[in-house]
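K.L.:
Sequence first, then the predicted structure:
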Amino acid sequence: MSDIRRPGRSVVQRTVVAALGATVLVAGGIALGPVAFGAGSEAPAKYPAAEIHKPSPMPDRITLIPTSSPSTTQRVTWRAQATADFAQAQILVAPRALGSVTPAPGAVTTVPAQSTSPVNTSLGYASIYHTVEFTGLQPDTRYTYRVGDGVNWSEWTDFTTAAEKFEPFSFLYYGDAQNYIDSAVPRVFRQAFADRPEAKAIVHAGDLIDSANSEEQWGQWHNADGFVNSQINNIAVPGNHEYSGGLSTFWRPQFPYPDNGPGNAELKQTVYYLDYQGVRFIALDSNYQSNATLMAAQTQWLERVLADNPNKWTVVTFHHPVYSTTGTRNNPNVRAQWGPLFEKYGVDLVLQGHDHTYGRGNKVDNRQSTSVHNGVAYVVSVSGGKMYALNDGRNWTDNGAEVRSQGDNIQLYQMIDVEADQIRFEARYANGQHHDGFLIRKNDEGERTVNDLRTAENTVGEQVSVDKTKVEGRDSITVRAYGYDPGERVAVYFQQAGAELGSRNAFRGYRRADELGRVEHVLQLPRDAKEPGDYVVYLESVNQQITSPVIEVVK
């Protein structure tokens, strides 16, 4: 039985190519110049970026920004040629219909922009960003809003406030977009939305663009996600490409995140946290890892935010990985200062970028079996079209960690589904096919198991651990195994090595997996095991058929 949910109609295995009476030469997936279908036609000119991304009085780049109280407040940013006197938004509880249906008197609230920030661009004009904050909202309530200047309005768009307490929800996570933002990235973002249209947040682990102050690239990034940004909260951190002689001038006008970080001016709205329906999201700025002052400030703040955390689940995101997957890259200050805190306070997910590959793993000390550990899950991913080659995993193994899954030359999106007692994580390719996944289970005492999603390969073989492999007859053995469903019934066998697994006379009883999918059993050696020889423990259930190492029984 497999835990991997294969996509349905979104994955098409066949490709149909229609001949249109002309041949198009393609190299590296890019057409080599325009193909003329009529004689005497003049080749089209490249449409200039300054025209494509030119602002107008009509709002665009509309983005939901979470606040530190997402159940009762919501920020929205947008771009438009409007003065601070007129920039505004309107909001009402989501009606059944609009258009010919006029909202009841008093149903619509008009809110003036909280701030207006012009950003000078390389395309010869300023982009003017506006921010509005809706306050006094009701928790877990769907609202409809629009932004504009009182005359020129955006379309009406819906969002739902967070619940006051825990409620299950999903969010998306992307590694670096950065390159090919106008061509290769949009299909990743759109497929992710197609798979999780009810997601409540999107985590971006830095390098959203390639050139920090490029109006063209920021325009491409907003176009890639389109309307999705206007109805799903964005939780972003800057990567190294959001810096060029300082933080991108676009960052704070576009992303006015909670100002609850360490207090250093440089870290404002790049280091922050927010609590959303039972999850604490923590954003860090790893670009200052060589700045002792700002790194120490983040580390001290991080420990405070982790130590005083009322939420069951914790997700941390930043750009430069604790354990790098590419080349000779290494981030020793990130690993030395933040890594121990992640382990100490039981962080569940660490979501990173930078390496343009995929890697997922954990500290070796936390390994429970070949497919289960009980520690922090560290993930590196990439959504854009720029690719690097994997290294041999040495940055992991040299620092006490192990890679459980990796990949290169792939574009990915990640879907994270949060429930009361588990988090399900799945990474998929741009075409919607499965790449990797795991399941985190946690009880109310904070104990945890992190289980690879089941496959035909990882549910068989030698995965049962025993406390000793050499015993005397009538001795006992402590048996441990993992990866079960909570409450799953497991048959226990003790039999001679090499014999057919699961023979009736080797059956020793049933055990039930606990709430984390663990089985622990003290097995008293049966009388017939007094004979010297080699034996194995075999555990059989609906989902797994696994064995122990060979156990030598001596007189």
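P.N.:
Received, thanks. Bear in mind that the values here come from a model prediction, so they are computed numbers and not experimental data. Numbers count the residues shown, from 1 in each chain.
K.L.:
give me the low-pLDDT residue ranges for the stretch 151-300 of the chain?
P.N.:
Low-confidence segments of the stretch 151-300 of the chain (pLDDT under 70): none present.
K.L.:
That one: helices as residue ranges?
P.N.:
Counting by DSSP state H, counting those that start in this stretch, residue ranges of the helices within the stretch 151-300 of the chain are 185-195, 215-225, 251-254, 292-307.
K.L.:
and of those, who's closest to E167?
P.N.:
Of all the helices of the stretch 151-300 of the chain, helix 185-195 sits nearest to E167, with 20.1 Å by C-beta to C-beta. For every residue, glycine as well, the C-beta is placed using N, CA and C.
K.L.:
Give me the buried positions along the closest one.
P.N.:
Neighbour counts over helix 185-195 (16 or more other C-beta atoms under 10 Å) mark 185-186, 188-193, 195 as buried.
K.L.:
repeat for stretch 125-144
P.N.:
Buried residues in stretch 125-144, counting neighbours by 16+ other C-beta under 10 Å, are found at 127-134, 137, 139, 143-144.
K.L.:
One more: stretch 502-515?
P.N.:
Those would be 506, 508, 511, 513-514, for stretch 502-515 by 16+ other C-beta under 10 Å.
K.L.:
Cross those against strands and list the overlap.
P.N.:
Mapping the buried residues of stretch 502-515 onto strands (DSSP state E) picks out 508, 511.
K.L.:
Would you convert the buried residues of stretch 502-515 into JSON lines that also reports distance to I65 and pLDDT?
P.N.:
Converted to JSON lines, the buried residues of stretch 502-515 look like this (distance: C-beta to C-beta, whole Å; pLDDT from 0 to 100):
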{"residue": "A506", "distance to I65": "61", "pLDDT": "94"}
{"residue": "R508", "distance to I65": "58", "pLDDT": "94"}
{"residue": "R511", "distance to I65": "49", "pLDDT": "97"}
{"residue": "A513", "distance to I65": "42", "pLDDT": "98"}
{"residue": "D514", "distance to I65": "41", "pLDDT": "97"}
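K.L.:
Any chance of a markdown table for the buried residues of stretch 502-515, columns distance to E531?
P.N.:
Below are the buried residues of stretch 502-515 laid out as a markdown table (distance: C-beta to C-beta, whole Å):
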| residue | distance to E531 |
| --- | --- |
| A506 | 14 |
| R508 | 17 |
| R511 | 25 |
| A513 | 32 |
| D514 | 34 |
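K.L.:
quick one, strands of the stretch 101-250 of the chain?
P.N.:
Along the stretch 101-250 of the chain, the segments classed as strands by DSSP state E, counting those that start in this stretch run 109-112, 115-120, 126-134, 142-148, 157-160, 169-174, 201-204, 233-236.
K.L.:
Could you say which one of these comes nearest to A36?
P.N.:
With C-beta to C-beta as the measure, strand 126-134 is the member of those nearest A36 (36.5 Å).
K.L.:
just the angle between that closest one and strand 115-120, please?
P.N.:
Angle, strand 126-134 to strand 115-120, by axes from the mean of the first three to the mean of the last three C-alpha atoms, to 10 degrees: 160 degrees.
K.L.:
Quick one: residues in contact with strand 126-134.
P.N.:
55, 61, 65, 67, 73-82, 84, 87-89, 91, 111-121, 143, 145, 147, 215, 250, 253-254, 256 (C-beta atoms under 8 Å, 6 or more residues apart in numbering).
K.L.:
hmm, try it at 7 Å
P.N.:
By C-beta atoms under 7 Å, 6 or more residues apart in numbering, the list of residues contacting strand 126-134 from outside reads 55, 67, 73-82, 87, 89, 91, 111, 113-121, 147, 215, 253-254, 256.
K.L.:
From the chain's centroid, how far away is that strand?
P.N.:
Averaged C-alpha coordinates place strand 126-134 at 27 Å from its chain's average position (C-alpha atoms, centre = their mean, to the nearest Å).
K.L.:
That one: partners in the sheet, and parallel or antiparallel?
P.N.:
Applying DSSP bridges, strand 126-134 is found paired with strand 74-79 (antiparallel), strand 115-120 (antiparallel).
K.L.:
rank those by mean pLDDT and give me the bottom one.
P.N.:
Mean pLDDT is lowest for strand 115-120 among those, at a mean of 94.
K.L.:
Helix, strand, or coil at E343?
P.N.:
helix (DSSP: H, G, I helix; E, B strand; the rest coil).
K.L.:
Could you shift the numbering so residue one becomes 361, and keep it that way?
P.N.:
Yes, from this point I'll number from 361; that puts the last item at E703.
K.L.:
Do you know the pLDDT at it?
P.N.:
For E703, the predicted pLDDT is 98.
K.L.:
I'd assumed H680 was in contact with L644.
P.N.:
No. Contact criterion C-beta atoms under 7 Å: L644 and H680 do not qualify, at 9.7 Å.
K.L.:
neighbour count winner among the two?
P.N.:
Legend: neighbour count by other C-beta atoms under 10 Å for L644 and H680, higher for L644 (28 against 25).
K.L.:
who's in contact with the more buried one?
P.N.:
Residues in contact with L644 (C-beta under 7 Å, 6+ apart) are 597, 631, 658, 662, 676, 678.
K.L.:
Format those residues as a markdown table; extra columns: distance to E822 and neighbour count.
P.N.:
Shown next, in a markdown table, are these (distance: C-beta to C-beta, whole Å; neighbours: other C-beta atoms under 10 Å):
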| residue | distance to E822 | neighbour count |
| --- | --- | --- |
| V597 | 41 | 29 |
| V631 | 45 | 29 |
| Q658 | 43 | 26 |
| L662 | 39 | 23 |
| V676 | 34 | 27 |
| F678 | 37 | 29 |
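K.L.:
Point out where the stretch 811-915 of the chain drops to low pLDDT.
P.N.:
Residues of the stretch 811-915 of the chain that meet the cut-off, pLDDT under 70, sit at 890.
K.L.:
For the stretch 661-810 of the chain, just list every one of the helices.
P.N.:
Remark: helices assigned in the stretch 661-810 of the chain by DSSP H, counting those that start in this stretch are 692-697, 699-704, 754-757.
K.L.:
could these go into TSV alongside distance to R834 and mean neighbour count?
P.N.:
Putting these into TSV (distance: least, C-beta to C-beta, whole Å; neighbours: other C-beta atoms under 10 Å) gives the following:
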stretch	distance to R834	mean neighbour count
helix 692-697	48	17
helix 699-704	41	16
helix 754-757	41	19
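K.L.:
closest to Q782 out of these?
P.N.:
Taking C-beta to C-beta, helix 699-704 is the member of those nearest to Q782, at 19.4 Å.
K.L.:
quick one on the thing from earlier: which one of the helices of the stretch 511-660 of the chain lies nearest to Q766?
P.N.:
Across the helices of the stretch 511-660 of the chain, closest to Q766 is helix 545-555 (C-beta to C-beta), at 18.7 Å.
K.L.:
okay, that closest one in PDB with CA atoms only?
P.N.:
C-alpha atoms of helix 545-555 as PDB (Å, rounded to 0.1, in the frame of the first residue of the first chain):
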ATOM      1  CA  VAL A 545       7.900  29.600 -13.400                       C
ATOM      2  CA  PRO A 546       4.200  30.400 -14.100                       C
ATOM      3  CA  ARG A 547       3.400  26.700 -14.800                       C
ATOM      4  CA  VAL A 548       4.800  25.700 -11.400                       C
ATOM      5  CA  PHE A 549       2.700  28.400  -9.500                       C
ATOM      6  CA  ARG A 550      -0.400  27.500 -11.500                       C
ATOM      7  CA  GLN A 551      -0.100  23.800 -11.000                       C
ATOM      8  CA  ALA A 552       0.400  24.300  -7.200                       C
ATOM      9  CA  PHE A 553      -2.700  26.400  -7.100                       C
ATOM     10  CA  ALA A 554      -4.600  23.800  -9.100                       C
ATOM     11  CA  ASP A 555      -3.600  21.100  -6.500                       C
END
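K.L.:
Need the contact partners of it.
P.N.:
For helix 545-555, contacts defined as C-beta under 7 Å, 6+ apart pick out 370, 532, 537, 584-585, 588, 743-745, 771, 773, 775, 790, 792.
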